[in-house]
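S.K.: Predicted model and sequence below, questions to follow.
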Amino acid sequence: MDWTALSVSLRLAGLTCLLLLPLGLWLGRTLALSHFRGKPLCEALVALPLVMPPTVLGFYLMQAFGVEAPLGGLWQSLSGGGLNFTFTGILLASLLANLPFAVQPIQRAFESIPPNLREAAWCSGLSPGRTLWRIELPLVWPGLVSALALTFAHTLGEFGVILMVGGAIDGETRTLAIAIYDRVQAFDESGAAIMSAMLLLVSFLTIGVVYGLAGRRRWRRG
Amino acid sequence: MAEPDPTKSQARLAVQLQQAGPIPLDADFHCEPGELLALVGPSGGGKTTLLRAIAGLYRPARGVIRCAGETWFDAEAGRSLRPQQRRVGLVFQDYALFPHLDARANVMVALDHLPAAERVRAAEGWLARVRLDGLAGRLPAELSGGQRQRVALARALARSPRVLLLDEPFSAVDQVTRRRLQRELALLREEIHIPIVLVTHDLDEAAALADRLCVLHTGRSLQQAPAEQLFRRPASPEVARLLDRHNVFTGTVVEDEEGRRLQWGPWRLEVAEGLAALVPGQRVSWYLPPSDVVLHRRGRPSRGERENPVQGRVVEMAVLGGISSVALAFDHCDDTLRFELPTHAARRNGLARGEAVGVSLLAAGIHLMPGAPVTHPEIPDR
């Protein structure tokens, strides 16, 4: 069992969730509530990582992270280091690859709130901020939980993007999924089996949490 | 109507809104504290839009909304208070209760202005006033339609609103519940002295509950009056048709040795009032309430027989329980005259399709509508 790889994986998944939560909340709510000209384009861009082969996404990110590219160059001038083959690089890649997993459940959850609930809250005297806190968030939280669970599980299992951008540097970019591949390459099938079982367990638990929460909403019955 | 005293007009709700589109509006009405004004008219007539504009949920292009001495909306001055600042109680058509909060918490949302310690007691007090004591812990999904409506009403009143707005509040419940809720609203009115605006497409409901009705069509306010006056004296053929009134005809003003009369086909009709202001030769639309049509009894004279007698033939007779609805056709025009009478009276007089009958058109009932065009605008069925 490669505990270092597990710790890299958990750190990556945890940070991805933490950073995507506010971003997904803002983007999902905006896409659900507002109507603007470029909305279908925005939605398509958010969904793109779902349909794009991970190696292709990884390839473009690797290109963009290079020091000659604008993004990589900007990062180099700000931090003094590169993005390729670093933990920051795979975190950034993971944020982009997980965008649809975070945004779409949140967007659907906000879309399912009848618009007049928000108006009823305003007429009852609640400010938009308090309406979000007391009415909207309690109604969308199952969507939030499912966004986080999907993001977490998907990050743990991500292979192609991480390999292209990060390689397999021990303690930095070698995640559990990549470690499994390395074990198999080294003919250590029992090591791969233990780690695979670990990932299976975590995936099953997260999806179990999502379905468990979805079933607990008493008020959905109406 | 006499001018209301200044303290009253301070607290009144005055609405004056216009816009060309996307939802056309041309409305001008007011509602006094303690008064219940019903906005009636066909679906899509802009009633709900007007209510939303009063609540601050919709911003029309032009106009002014004043309430309780405050200007809530003034398009020209660029002033539009947010819904939170207007203090309106709005009962939505589908009640819009917060599904994750129980009845008590739904009402408490509107009680933020009270100290936290008093909110629970105040919320339960409001629930008791709408007869929901004991159900405070139920979620909306666990309440019946009528109970949900009461929670919505309690929530709307909890904020001590300056105006109460009701958007088709009885449309989603069965008829027995509707009657009970309507009775309770009538009782509740004795306790709250704010303007109440009710949107409904049900004329009977409006007539039963409201002090005054405001007839709306495609966003235009056509007439405001108490129900009785509206049904007897509609301002125009358009209003008469919107109110489901029949008996709108066209006649000509004539003058002979007996004075000024209304010529309708071969008959010269006496009219109790309104003719003096018109000139001979003028074409004018007129309306007669069905209650002012008196059937001539067979074989013996009847009340008012000499007053405007006309002869027609029965083209339709519908028996609706104890009441029969009769339509008469005439040779001189395509219009039909409708009236109702007890079914036993219709039977006794041998009324049947094709029979010729005589009726009197009571002079006091004939209502002239000289301001309106004489061709009737087509109004789609409600």
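M.R.: Okay, I see it.

S.K.: Grab the nearest non-local neighbour of residue A:25.
M.R.: Leaving aside its chain neighbours, residue A:25 sits nearest to residue A:106 (6.0 Å; criterion: CB to CB, 6 or more residues apart in numbering or on different chains). Every residue, glycine included, has its C-beta placed from N, CA and C.

S.K.: Residue A:22 is in contact with that neighbour, correct?
M.R.: No - Residue A:106 is not in contact with residue A:22 according to CB atoms under 8 Å; the separation is 10.8 Å.

S.K.: okay, these two: which has more neighbours?
M.R.: Between residue A:106 and residue A:22, counted using other CB atoms under 10 Å in any protein chain shown, the more crowded position is residue A:106 (26 against 9).

S.K.: What about the nearest residue to residue B:362 once chain neighbours are set aside, how many residues nearby?
M.R.: Nearest non-adjacent residue to residue B:362, counting by CB to CB, 6+ apart: residue B:292, 4.2 Å away. Neighbourhood size, residue B:292 [other CB under 10 Å]: 21.

S.K.: residues contacting residue B:292?
M.R.: Contacts here follow CB atoms under 8 Å, 6 or more residues apart in numbering or on different chains; on that basis residue B:292 touches B:361-362, B:364-366.

S.K.: Is any residue of stretch A:139-157 near chain B?
M.R.: Yes - using CB under 8 Å from any CB of the partner chain, stretch A:139-157 comes into contact with chain B via residue A:139.

S.K.: List the buried residues in that stretch.
M.R.: Across stretch A:139-157, burial judged by 16 or more other CB atoms under 10 Å in any protein chain shown covers A:139-140, A:142-157.

S.K.: And the residue of chain B closest to chain A?
M.R.: Nearest residue of chain B to chain A: residue B:141, at 2.8 Å (CB to the nearest CB).

S.K.: surely that residue meets residue B:101?
M.R.: No - using CB under 8 Å, residue B:141 is not in contact with residue B:101; the gap is 11.2 Å.

S.K.: okay, the residue in chain B sticking out farthest from the centre: pLDDT?
M.R.: Going by CA atoms, centre = their mean, the residue of chain B most distant from its centre is residue B:117, 42.6 Å out. Note on residue B:117: pLDDT of 85.

S.K.: and the helix or strand hosting it, does that touch chain A?
M.R.: Using DSSP states H and E, residue B:117 sits within helix B:116-129. No - using CB under 8 Å from any CB, helix B:116-129 stays clear of chain A, with a minimum separation of 11.8 Å.

S.K.: Export that helix to PDB, keeping only CA atoms.
M.R.: In PDB, the C-alpha atoms belonging to helix B:116-129 read as follows (Å, rounded to 0.1, in the frame of the first residue of the first chain):
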ATOM      1  CA  ALA B 116     -35.800  36.700  18.600                       C
ATOM      2  CA  ALA B 117     -37.500  35.700  21.900                       C
ATOM      3  CA  GLU B 118     -40.900  36.900  20.800                       C
ATOM      4  CA  ARG B 119     -40.900  35.400  17.300                       C
ATOM      5  CA  VAL B 120     -42.100  31.900  18.300                       C
ATOM      6  CA  ARG B 121     -45.000  33.300  20.300                       C
ATOM      7  CA  ALA B 122     -46.000  35.800  17.600                       C
ATOM      8  CA  ALA B 123     -45.900  33.100  14.900                       C
ATOM      9  CA  GLU B 124     -48.100  30.800  16.900                       C
ATOM     10  CA  GLY B 125     -50.400  33.700  17.600                       C
ATOM     11  CA  TRP B 126     -50.800  34.300  13.900                       C
ATOM     12  CA  LEU B 127     -51.400  30.600  13.200                       C
ATOM     13  CA  ALA B 128     -54.100  30.600  15.900                       C
ATOM     14  CA  ARG B 129     -55.800  33.600  14.200                       C
END
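
S.K.: residues in contact with the residue nearest to residue A:25?
M.R.: Shown in contact with residue A:106 (CB under 8 Å, 6+ apart): A:24-25, A:27-29, A:32, A:140, A:143-144, A:147.

S.K.: how about a cut-off of 7 Å?
M.R.: A:24-25, A:28, A:140, A:143-144, A:147 (CB atoms under 7 Å, 6 or more residues apart in numbering or on different chains).

S.K.: and what of residue A:71?
M.R.: Counting by CB under 7 Å, 6+ apart, residue A:71 makes contact with A:64-65.

S.K.: In three-state terms, how would it be classified?
M.R.: Under the three-state scheme (DSSP: H, G, I helix; E, B strand; the rest coil), residue A:71 adopts helix.

S.K.: Could you check the pLDDT of it?
M.R.: In this model, residue A:71 is scored at 88, pLDDT.

S.K.: give the contact list for residue 146.
M.R.: I went with chain A, as the question did not name one. By CB under 7 Å, 6+ apart, the contact set of residue A:146 is A:105, A:210.

S.K.: Correction: the question concerned chain B.
M.R.: Listed by CB under 7 Å, 6+ apart, the contact partners of residue B:146 are B:173, B:177, B:181.

S.K.: rerun that using 6 Å as the cut-off
M.R.: Residues in contact with residue B:146 (CB atoms under 6 Å, 6 or more residues apart in numbering or on different chains) are B:173, B:177.

S.K.: Now it: which helix or strand?
M.R.: Secondary structure assigned from DSSP H and E places residue B:146 in helix B:145-158.

S.K.: Tell me where the model's unsure across the stretch 101-250 of chain B.
M.R.: Along the stretch 101-250 of chain B, no part satisfies pLDDT under 70.

S.K.: all strands for it, in order.
M.R.: B:163-167, B:196-199, B:212-217, B:220-225, B:248-256 (DSSP state E, counting those that start in this stretch).
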